[in-house]
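1. could you work out the structure for the sequence below:
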Amino acid sequence: MAAGPLDWSLVDGAVPLVVRILGAAALAALLFSRDRRWWTRLLPVAVVAALLLSLLVKLTVDDWWQPFPDKLPTDVVLWIGVALLGVCLAFCRMPTLRRRGRAGALLSGALVVVLGLSEVNIHYDNYPTLRTMLGPQDTVSLKDATGKKEPTLDVPKGKALSEVWKAPAGLPDKGTVSTASIPGTKSGFKARDAYVYLPPAYRATPRPLLPVLVLMAGQPGSPQDWITSGQLPDMMDEFAAGHAGLAPIVLVVDPLGSPFDNPLCMDSRLGKVQTYLADDVPAWAASHLQTATDRAHWSISGLSNGGTCALQMAVNAPQRYGTFLDISGQDEPTLGSRKKTVDAAFGGDEAAFEKVNPMDVMAGKKFPDTAGTFVAGTDDSTYRPQALKVYAAAKKADMSVQLVELPGGHSWQVWRPGLEKQLPWLASHIGLTP
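-> Purely as a prediction, here's the structure:
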C-alpha cells in the first residue's frame, strides 16, 4: 500500500477486499431475523422494493431522462440494486428491532450501500484513491504559474524542441496546475472552468515555446475528471522527468457546458462548440500563455464523448489541430439516435449534419497532413467496434493513423493509460521530440 490512507487503492488490494467482506457480512445480518413477520411479510417487501427501484433507475437513465447516449452496464445496474437492497432491508427491519438493533441495522445498510458504490467505482475506475475523490489539492493561480513574459528559445527549422533544449539549473521537478476561465468570446459558448498544466520547462529562461494538448473528459463529466481520475499532473510530471522538464502544455477544457448537456462538439442549435475549440481556446492561449502556435504543434484528445469531439475537430478544424488522440470515442456524435441528433442540432436537416459528421467528411476529403491514434478497450463491446470502423475510414482518408487496444472496458482502466502510453507518440508528432 501507499504511504497514507488517502493514497490507498480503492480499486484493488486490501481496501476493496475489506469493503466486500464487511458489505457481505452486513447484508447477511440484514437478511437474517428470528421474527416470523420478517420472513413472511417484511423481507419480500424489501426485495420487491429494491427490484422496482433498480428498474426505475435503469428506465429513468436509459429510456426517459437519457442524459447520455450510453446505456447503463448490466453489472453497474446490479450493484446499484445491491445498494438499494441494503437501504430497503434496513428500513424494513426497523419494526422488528429495538433501539440498539435499529442503529445496527442502519450501520449494516450503510455498509451495503458502500459495497455497491465501491463496485460501481471499480467498474469505472473513477476514483483510484480517496485523494482523487477529494479533488485537486495543489492548484496555483495562473498568474503565479505563468510569471512574467520571457524571451523564447529559438528552435531551428527541422529540429525538435528536445534537440536544442538544455534544462537550466534549479528547474522545478514538477509542473503546475491552475484553473482558468476560457470565455467563448467568438462562439458565445459558456464553458466551465478549464485546468491548465504547465510543465517545469515553462518556468525556464529563455522559455521554450511548448506544444499544446487540448484535452477533454467524457459525458457526463467535467475538466476536473482528468486531474483527479485521470491523474494527469502525475502523468505529465513523470513524462517531464524523463525529458529534462519538457512536456506539452495541457489545456483541459469543457466542451459540454454542464455534466448532463451534450452540444455534440459542433456549431448547431445546441451551441457553437466547434468555434469555441477552434478559435476561442487558441485565442485565449495566445493572450495568456507563451506557446507554439502552428497546427503542427497543437493536438487534441479526449475520452468517450471527448474522443469523438477530438476526431470532429481534427476533420472540421484541421487548420488548428494537426494531431489527435481519440480514446474510446464513438463513430459519430449522437444523442442516442441519428434522427434525435439531427432533429435537436439541425432541425431535421440531414445534410447539415453530414457536413460536420466525421465519417461523412472523411468519405469526401483527404487529410494527408493529419496524424491520429484511436484507443479502444478490448472488453468494450460498444466502442471498440466503432473505433475499428472509424480507424478504417481515417486510413482511407489518407490520415497517418494507428489503432491501439488496451485491456479493459469503457473505463479509466483504458482512458488513463490510453493517454499515458501514447505520450511518446504524441511528443514526436507535435515537435517536442524527434
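2. contacts only, for the residue lying closest to Arg20 once chain neighbours are set aside.
-> Spatial nearest neighbour of Arg20, chain neighbours left out: Leu115 (6.5 Å); criterion: Cβ to Cβ, 6 or more residues apart in numbering. (C-beta placed from N, C-alpha, C; glycine too.) Counting by Cβ atoms under 8 Å, 6 or more residues apart in numbering, Leu115 touches 19-20, 22-24, 26-27, 79, 82-83, 86.
3. same deal with Ser411?
-> The contact partners of Ser411, by Cβ under 8 Å, 6+ apart, come to 123-126, 377.
4. out of those, which sit inside strands?
-> Gly377 (DSSP state E).
5. now distance to Ala393 too, for the contacts of Ser411, in CSV please.
-> Listed next are the contacts of Ser411 as CSV, based on distance: Cβ to Cβ, whole Å:
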residue, distance to Ala393
His123, 30
Tyr124, 28
Asp125, 29
Asn126, 31
Gly377, 20
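6. I'd say Pro200 and Pro168 touch.
-> No. Using Cβ atoms under 8 Å as the test, Pro200 is too far from Pro168 to be in contact (10.2 Å).
7. which one's more surrounded, those two?
-> More neighbours surround Pro200 than the other of Pro200 and Pro168, with 22 against 13 (other Cβ atoms under 10 Å).
8. any idea of the mean pLDDT for stretch 162-180?
-> Mean pLDDT, stretch 162-180: 96.
9. no wait, stretch 195-211
-> Per-residue pLDDT values across stretch 195-211 average out to 97.
10. begin at 21, not 1, for the rest of this chat.
-> All right, first residue 21 from here; so that's stretch 215-231.
11. for it, measure first residue to last.
-> Stretch 215-231 has an end-to-end distance of 16 Å (criterion: Cα to Cα, to the nearest Å).
12. that one: which residues count as buried?
-> The neighbour-count check on stretch 215-231 (16 or more other Cβ atoms under 10 Å) flags 215-224, 227-231 as buried.
13. got the buried residues for the lengthiest helix in the chain?
-> When the chain is parsed with DSSP state H, its longest helix is helix 119-144. In terms of neighbour count (16+ other Cβ under 10 Å), helix 119-144 has its buried residues at 124-126, 128-129, 131-144.
14. strands along the stretch 221-370 of the chain, start to end?
-> Along the stretch 221-370 of the chain, the stretches classed as strands by DSSP state E, counting those that start in this stretch are 232-236, 269-272, 287-288, 291-292, 318-323, 343-347.
15. format those as JSON lines; extra columns: mean neighbour count.
-> Below are the strands of the stretch 221-370 of the chain laid out as JSON lines (neighbours: other Cβ atoms under 10 Å):
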{"stretch": "strand 232-236", "mean neighbour count": "27"}
{"stretch": "strand 269-272", "mean neighbour count": "26"}
{"stretch": "strand 287-288", "mean neighbour count": "21"}
{"stretch": "strand 291-292", "mean neighbour count": "22"}
{"stretch": "strand 318-323", "mean neighbour count": "30"}
{"stretch": "strand 343-347", "mean neighbour count": "30"}
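16. I appreciate the help and will end here.
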